[in-house]
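[1] sequence and predicted model, in that order:
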Amino acid sequence: MEKNNNRKDSREYLANERTFLAWIRTGIAIIAFGFVVVKFSLFFKQFLLLTNNTELSHTKGYSSYIGIVILVLGVSIFPFAYYRYKQVILQIDKNQFTNSKQMPIVLTIILTFITLALIAYLISTLN
């Protein structure tokens with residue numbers, strides 16, 4: 001009977017580790033997205049120089065700032081993921097697991113806000 005309990009415990013710990021790694025992958029994906037946004041502004045500036053478009057080349061672009069904010073968001077996921085990982089290990093050890101509602105909600109709100117800001121910025125550059 002003890003063998004099944006050990007197997008169950010190892011599956012719980014492994015599931016916790018997979019969840020932690022999923023959060024890390026999410027952070028890396030957000031960092032990559034922020035990097036693309038920053039590089040897009042550099043690409044756009046180079047494109048304007050190549051096409052000799054002096055009219056738009058003097059405008060102030062905010063995609064670099066938005067990209068940096070997205071990068072910071074991606075990096076900030078790592079400590080939260082680690083904290084949650086350690087918290088779940090302690091809960092598994094005590095057999096008192098409770099799910100977290102805060103981290104997904106906060107991440108969803110922040111990503112929605114940043115995405116809406118990026119959409120608003122892209123719409124404003126169309127004019």
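    Good, I have the coordinates.
[2] tell me which helix or strand of this protein sits lowest on mean pLDDT?
    helix 54-57 (a mean of 58; mean pLDDT, DSSP states H and E).
[3] and the next helix or strand past it?
    helix 63-94 (DSSP states H and E).
[4] what's that following helix packed up against?
    Here helix 63-94 touches helix 2-50, helix 102-125, going by 3 or more CB pairs under 8 Å, 6 or more residues apart in numbering; DSSP states H and E. For every residue, glycine as well, the C-beta is placed using N, CA and C.
[5] avg pLDDT for the first one?
    In this case it means helix 2-50. Model confidence over helix 2-50 averages 81 on the pLDDT scale.
[6] what angle separates it from helix 63-94?
    180 degrees (axes from the mean of the first three to the mean of the last three CA atoms, to 10 degrees).
[7] can you report how many residues lie near Phe113?
    12 (other CB atoms under 10 Å).
[8] and it, how far is that from Pro79?
    20 Å (CB to CB, to the nearest Å).
[9] can you list the helices and strands packed on helix 63-94 in TSV and add distance to Leu71?
    Putting the helices and strands packed on helix 63-94 into TSV (distance: least, CB to CB, whole Å) gives the following:
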stretch	distance to Leu71
helix 2-50	4
helix 102-125	11
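[10] out of the ones you listed, nearest to Ile89?
    Ile89 lies closest to helix 2-50 among the helices and strands packed on helix 63-94, at 6.3 Å (CB to CB).
[11] relative orientation of the closest one and helix 102-125 in degrees?
    Using the same axes, to 10 degrees: helix 2-50 against helix 102-125 is 10 degrees.
[12] from the middle of its chain, how far away would helix 2-50 be?
    Distance, stretch centre to chain centre, for helix 2-50: 7 Å (CA atoms, centre = their mean, to the nearest Å).
[13] sorry, back to before: nearest to Val69 among the helices and strands packed on helix 63-94 would be which one?
    helix 102-125 (6.4 Å).
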